[in-house]
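**Student:** sequence isn't available, so here's the structure alone:
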């Protein structure tokens with residue numbers, strides 16, 4: 001780095017600060033320049049200097065941006081001796097603005113014949129591993145900016161993620177849904193089971209929580225008269241980190257009045273099939289070694305029936321009965337809370353029953369589903385499903401409970417079992433008391449869905465800046 005600092009000082013004295021330019025007339029991304037090639041076409045591009053090759057009075061170098069790289073050709077007799085000497089003292093990683101004309105080499109490579117260049121920013125640190133590629137996984141996640149520079153496929157991955165999220169919005173907008181925004185800061189955490197992050201508002205002198213889910217605010221909008229709404233945004237849970245868990249994550253929540261959970265089952269299947277075809281026009285994708293065909297109708301499996309068949313657990317089993325029966329088959333600790341029992345069942349679902357193909361899991365116990373309506377023919381079971389693909393839980397949906405009296409009772413039972421929060425959200429209950437139409441809700445974990453569709457082994461690969469343990473810990 002010291003050598004580069006000395007070069008910077010020399011540049012400042014001879015040419016002025018390389019950071020002084022406020023703009024450069026970049027016409028298009030590098031990939032667009034290459035795609036729209038025309039012999040002799042004048043172009044103006046910007047990017048990072050890579051892979052310089054000197055040949056006496058000429059220099060070939062690569063210029064790269066987020067979209068790709070293009071070869072550039074610098075001739076001493078075209079740009080002058082002073083500029084040529086100046087370029088030879090530049091470093092890999094410096095950011096340049098380049099003007100010139102397009103041509104193709106004998107090997108048909110699109111190349112810019114440089115007529116002018118400007119140093120727009122001096123790179124004071126050398127790129128990792130001489131810019132040939134950043135392989136250290138931990139370093140890749142900690143310094144994502146280096147990962148993006150060194151590994152062009154990573155930029156491509158995140159561009160695909162962005163396009164998938166745009167497609168989600170397009171799909172829902174075309175279905176007549178309206179995108180809304182609800183608070184990230186909650187006075188009472190709710191809408192899902194999970195430990196919240198707690199903070200303090202100085203001006204109001206109150207404790208507040210980062211949302212674990214937007215659900216209760218979205219339902220308030222249903223009370224207010226909105227029919228079809230969705231929110232795509234961050235939620236937060238103060239819990240562990242794994243290949244499938246990050247404390248900060250992107251969720252899609254969708255709500256539709258006058259419908260039940262079967263409507264959301266159809267909507268989820270159509271949406272995910274649409275996204276799969278966006279990635280692979282055949283509708284068949286590969287995920288970690290096995291093939292998933294999204295053209296086939298998604299399977300449906302009853303959780304309660306499966307547990308009765310395999311473990312002898314009856315449909316009307318409460319948490320205690322479930323544990324008693326499950327102990328006959330698994331090593332289970334004593335004194336589990338209700339949320340821990342639910343987590344146990346979810347782990348069982350993922351590990352025991354479901355592999356690669358898309359599966360809707362229905363018939364969850366009512367005590368596992370505090371915000372869902374019960375089934376008409378069996379009050380012990382909820383009108384709810386979870387969607388598993390590739391053994392991963394991707395979605396959760398149910399017919400929304402709109403009985404304020406029953407909802408308060410369920411919240412109180414959660415408090416008794418030390419779940420979610422120490423208080424009932426009375427404002428939410430009050431909103432239900434004004435009347436909420438029958439409605440269905442759907443939640444989809446976007447990070448997990450992108451991980452699956454883009455065949456990535458970990459959430460960290462599809463989140464720009466995943467949470468990591470500090471290096472000094």
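**Tutor:** Yep, that arrived. These numbers were taken from a predicted model, which means no experiment stands behind them. Residues are numbered from 1 along each chain as shown.

**Student:** got a pLDDT number for residue 290?
**Tutor:** Looking at residue 290, its pLDDT is 88.

**Student:** state the phi and psi torsions of it.
**Tutor:** phi -130, psi 160 (degrees, to the nearest 10).

**Student:** tell me which residues in the least confident helix or strand in the chain by mean pLDDT are buried?
**Tutor:** Lowest by mean pLDDT, DSSP states H and E among the helices and strands of the chain is helix 338-348, with a mean of 72. Taking 16 or more other CB atoms under 10 Å as the neighbour-count basis, helix 338-348 is seen to contain the buried residues 338-342, 344-345, 348. (Glycine included, C-beta is placed from N, CA and C.)

**Student:** gap between residue 16 and residue 8?
**Tutor:** Per CB to CB, to the nearest Å, residue 16 is found 12 Å from residue 8.

**Student:** over to residue 182?
**Tutor:** Taking CB to CB as the measure, residue 182 falls 48 Å from residue 8.

**Student:** what does residue 258 give?
**Tutor:** Look at residue 258 and residue 8: by CB to CB, they are 66 Å apart.

**Student:** which of these two has more residues huddled nearby?
**Tutor:** When neighbours are counted by other CB atoms under 10 Å, residue 8 comes out ahead of the other of residue 258 and residue 8, with 17 against 11.

**Student:** which pLDDT does the model give residue 351?
**Tutor:** Per the predicted model, pLDDT is 64 at residue 351.

**Student:** and residue 417, by the same measure?
**Tutor:** With respect to pLDDT, residue 417 has a value of 61.

**Student:** what of residue 73?
**Tutor:** For residue 73, pLDDT reads 98.

**Student:** hang on, isn't it packed against residue 110?
**Tutor:** No: with contact defined as CB atoms under 8 Å, residue 73 does not count as touching residue 110 (11.0 Å).

**Student:** what sits opposite residue 69 in the beta ladder?
**Tutor:** residue 64 (DSSP bridges).

**Student:** which residues touch it?
**Tutor:** 30, 47, 50, 62-63, 152 (CB atoms under 8 Å, 6 or more residues apart in numbering).

**Student:** now, those residues that are in strands?
**Tutor:** Among those, DSSP state E puts 47, 50, 62-63 in strands.

**Student:** highest neighbour count among those residues?
**Tutor:** residue 63 (25 neighbours).

**Student:** what residues are up against the closest residue to it other than its chain neighbours?
**Tutor:** Spatial nearest neighbour of residue 63, excluding adjacent residues (CB to CB, 6 or more residues apart in numbering): residue 47 at 4.2 Å. Contacts for residue 47 were tallied using CB under 8 Å, 6+ apart; they are 30, 63-65, 69-70, 95-96, 98.

**Student:** state the distance from residue 20 to residue 7.
**Tutor:** For residue 20, the distance to residue 7 - CB to CB - is 16 Å.

**Student:** looking at these two, which one has more neighbours?
**Tutor:** Each of residue 20 and residue 7 has its neighbours counted (other CB under 10 Å); residue 7 has more, 17 against 9.

**Student:** show me the contacts for that one.
**Tutor:** The contact partners of residue 7, taken as CB under 8 Å, 6+ apart, are 89, 91, 122.

**Student:** from what I can see the last one touches residue 3, true?
**Tutor:** It refers to residue 122. No: Residue 122 lies out of contact with residue 3 (CB under 8 Å); the separation is 12.0 Å.

**Student:** among the two, which residue is more densely surrounded?
**Tutor:** Neighbours were counted for residue 122 and for residue 3 using other CB under 10 Å; residue 122 has more, 19 against 10.

**Student:** which residues of the stretch 251-400 of the chain score low on pLDDT?
**Tutor:** Scanning the stretch 251-400 of the chain for pLDDT under 70 picks out 334-338, 349-355.

**Student:** which stretches of it form strands?
**Tutor:** 284-287, 290-293, 299-302, 359-365, 374-375, 378-389, 392-399 (DSSP state E, counting those that start in this stretch).

**Student:** in JSON lines: the ones you listed, plus mean neighbour count and distance to residue 234.
**Tutor:** Formatted as JSON lines, these follow (neighbours: other CB atoms under 10 Å; distance: least, CB to CB, whole Å):
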{"stretch": "strand 284-287", "mean neighbour count": "16", "distance to residue 234": "25"}
{"stretch": "strand 290-293", "mean neighbour count": "14", "distance to residue 234": "27"}
{"stretch": "strand 299-302", "mean neighbour count": "14", "distance to residue 234": "31"}
{"stretch": "strand 359-365", "mean neighbour count": "22", "distance to residue 234": "26"}
{"stretch": "strand 374-375", "mean neighbour count": "18", "distance to residue 234": "31"}
{"stretch": "strand 378-389", "mean neighbour count": "22", "distance to residue 234": "21"}
{"stretch": "strand 392-399", "mean neighbour count": "22", "distance to residue 234": "17"}
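
**Student:** looking at the ones you listed, which is nearest to residue 210?
**Tutor:** Nearest of the strands of the stretch 251-400 of the chain to residue 210, taken as CB to CB: strand 392-399 at 19.7 Å.
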